[in-house]
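1. the following comprises the amino acid sequence and a computationally predicted model.
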Amino acid sequence: MTRSWARILWLAVPALMAGQAIAADAPPRATGPMTFVSASNGGNCIGCEWTAAEGTITAATPAAFDAYAAENGCPVLHLDSPGGDPAAAMALGRRIRERCVDVEVGRTVPYADPTMPADYPKVEDTASGRCEGACVLAFLGGRSRSAEAGELVPGGVPENLRPQVAAYLAEMGGKAELLPRLLAAGAGKPLGSDEVASLGLANAGEEARTPWQTSAEGKGTIATMTLKTPTNGSGETLTLFCRRGDQTPAYLAYSGFDTGTELPDTATLQIGGPTAASRDVTGPDLESRDSPDGPEVTVALSQAERDAILAGQPFSLSMDALPTVAPGGIVSLDSTLTETDRKAVRDALAHCL
């Protein structure tokens with residue numbers, strides 16, 4: 001199982017090309033107190049490194065995670081656990097929500113390739129894992145969560161923890177229907193892929209996009225569209241507006257950068273779909289600033305670009321997003337105006353700021 005690889009942008013992968021194999025002498029599954037270890041598949045890419053969290057969750061696990069994450073961070077966490085202390089699992093889940101982005105079920109194992117030199121740096125792969133009992137509570141802490149059929153096994157949480165578990169489910173976005181499965185006595189039943197989704201356990205890839213809508217801003221009107229995903233907090237927003245007495249026909253702004261993002265000095269505007277020509281926007285046509293709501297980038301649109309957007313052409317705005325404390329990448333947000341959207345945008349562009 002190599003789900004992470006399918007989701008990342010490969011920049012260079014010198015180690016794991018052909019002949020992918022899991023070592024036959026892979027160690028047995030960890031059942032002692034949970035440990036946190038940095039792992040890598042040997043590539044040079046966003047997502048090629050992760051935290052392997054394996055073993056039984058104990059009262060000491062949340063503090064152990066704090067110590068690990070303070071030194072190493074935790075962009076991606078792979079969980080494999082037979083369960084453990086439910087109260088500690090909920091405490092761990094809350095810490096995971098604060099520090100980690102993606103959480104998957106998976107076991108980290110040595111990668112074996114007989115064609116690699118004996119002195120080649122150690123690399124790892126992710127095999128199918130299991131997250132059982134209280135581990136499911138910790139798994140819910142992930143902002144973006146993914147698991148395959150049979151990997152999540154709820155059950156065995158004591159009945160006297162019902163109020164705390166119910167409150168935790170609501171806090172973490174789990175469905176109330178999951179509660180009786182968690183409180184079931186003894187070993188639970190592995191969940192199928194449909195159950196994983198319907199119970200609110202897996203949410204990777206989910207997104208909600210608002211229609212374009214107008215709001216008053218100063219003496220004028222702006223039109224905005226917001227995209228929300230499990231990992232982007234309050235969302236990413238595109239804003240269209242114009243300025244009174246300004247010869248520029250319209251402006252397109254992006255907001256929703258992560259905290260600590262360095263303001264980019266170049267953005268790429270594309271109108272007409274992924275195969276259309278794009279324009280690198282810089283200099284006087286690009287405005288980057290720190291607003292009260294966080295970093296914001298605004299690009300000036302030409303008359304032709306404004307008209308193409310209003311005509312319903314798909315458009316996107318992309319730029320480098322380099323957080324100062326973690327590996328970064330490229331942010332991109334796209335939209336295509338429906339007829340209702342066009343009415344909102346026309347209204348905004350008829351009432352400049």
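-> Thanks, I have the structure now.

2. going forward, measure contacts and count neighbours with C-alpha atoms only.
-> Fine.

3. share the number of residues neighbouring Glu132, please.
-> 26 (other C-alpha atoms under 10 Å).

4. I figured it hits Gly83, correct?
-> Yes - using C-alpha atoms under 8 Å, Glu132 is in contact with Gly83, at 5.0 Å.

5. doesn't Asp194 fall inside a strand?
-> No - if the criterion is DSSP: H, G, I helix; E, B strand; the rest coil, then Asp194 is helix and not within a strand.

6. just the pLDDT at it, thanks.
-> On the pLDDT scale, Asp194 is placed at 91.

7. does Ala59 touch Met90 like I think?
-> No - here Ala59 does not reach Met90: they are 10.7 Å apart, not a contact under C-alpha under 8 Å.

8. who's more crowded, the two?
-> Counted by other C-alpha under 10 Å, Ala59 and Met90 do not tie: Met90 has more neighbours, with 25 against 17.

9. for that one, give its distance to Val165.
-> 8 Å (C-alpha to C-alpha, to the nearest Å).

10. for Val297, same thing?
-> Taking C-alpha to C-alpha, one finds Val297 at 41 Å from Val165.

11. same question for Ala138.
-> 11 Å.

12. so this protein: which segments form each domain?
-> As assigned by the TED database, the chain contains the domains 35-113+121-199, 208-350.

13. most packed of those domains?
-> Most buried of those, by mean neighbour count (mean count of other C-alpha atoms under 10 Å): domain 35-113+121-199, with a mean of 20.

14. and stretch 208-228, how far from the chain's centre?
-> 23 Å (C-alpha atoms, centre = their mean, to the nearest Å).

15. go on, stretch 196-214?
-> Relative to its parent chain, stretch 196-214 has a centroid offset of 12 Å by C-alpha atoms, centre = their mean.

16. tell me the contacts of the residue most central in space within the chain?
-> The chain has Thr231 as the residue nearest its centroid, 3.7 Å off, counting by C-alpha atoms, centre = their mean. By C-alpha atoms under 8 Å, 6 or more residues apart in numbering, the residues touching Thr231 are 101-102, 143-144.

17. in JSON lines: those residues, plus distance to Thr266, secondary structure and pLDDT.
-> Shown next, in JSON lines, are the contacts of Thr231 (distance: C-alpha to C-alpha, whole Å; DSSP: H, G, I helix; E, B strand; the rest coil; pLDDT from 0 to 100):
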{"residue": "Val101", "distance to Thr266": "26", "secondary structure": "coil", "pLDDT": "78"}
{"residue": "Asp102", "distance to Thr266": "28", "secondary structure": "strand", "pLDDT": "89"}
{"residue": "Arg143", "distance to Thr266": "29", "secondary structure": "coil", "pLDDT": "90"}
{"residue": "Ser144", "distance to Thr266": "29", "secondary structure": "strand", "pLDDT": "90"}
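
18. in JSON lines: those residues, plus distance to His351.
-> As requested, those are exported to JSON lines (distance: C-alpha to C-alpha, whole Å):
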{"residue": "Val101", "distance to His351": "40"}
{"residue": "Asp102", "distance to His351": "42"}
{"residue": "Arg143", "distance to His351": "38"}
{"residue": "Ser144", "distance to His351": "39"}
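
19. which of the residues you listed sits closest to Pro110?
-> Asp102 (21.4 Å; C-alpha to C-alpha).

20. that closest one against Ser144, yeah?
-> Yes - at 4.8 Å, Asp102 counts as touching Ser144 under the criterion of C-alpha under 8 Å.

21. what about the residue at the greatest distance from the centre of the chain, distance to Glu148?
-> For the chain, the largest distance from the centre (C-alpha atoms, centre = their mean) belongs to Gly245, which lies 40.7 Å off. Applying C-alpha to C-alpha, the value for Gly245 to Glu148 is 56 Å.

22. what's opposite the closest residue to Asp285 other than its chain neighbours in the beta bridge?
-> Nearest residue to Asp285, sequence neighbours excluded (C-alpha to C-alpha, 6 or more residues apart in numbering): Ala300, at 5.0 Å. Beta-bridge partners for Ala300, by DSSP bridges, are Tyr251.

23. which ones are touching Ala300?
-> Taking C-alpha under 8 Å, 6+ apart, we find Ala300 in contact with 248-252, 285-286.

24. tell me which two of those residues sit farthest apart.
-> Maximum distance among the contacts of Ala300 (C-alpha to C-alpha): 14.4 Å, for Pro249 and Leu286.

25. pLDDT weak spots in the stretch 51-200 of the chain?
-> 112-126, 187 (pLDDT under 70).

26. Phe139 versus the residue lying closest to Glu49 once chain neighbours are set aside, what's the distance?
-> Leaving aside its chain neighbours, Glu49 sits nearest to Ser40 (4.3 Å; criterion: C-alpha to C-alpha, 6+ apart). The gap separating Ser40 from Phe139 is 21 Å, by C-alpha to C-alpha.

27. what does Lys189 give?
-> Counting by C-alpha to C-alpha, the gap from Lys189 to Phe139 is 17 Å.

28. now swap in Ser146 and tell me
-> Between Ser146 and Phe139 the computed distance is 9 Å (C-alpha to C-alpha).

29. shared neighbours, the two?
-> Counting by C-alpha under 8 Å, 6+ apart, the residues touching both Ser146 and Phe139 are 103-105.
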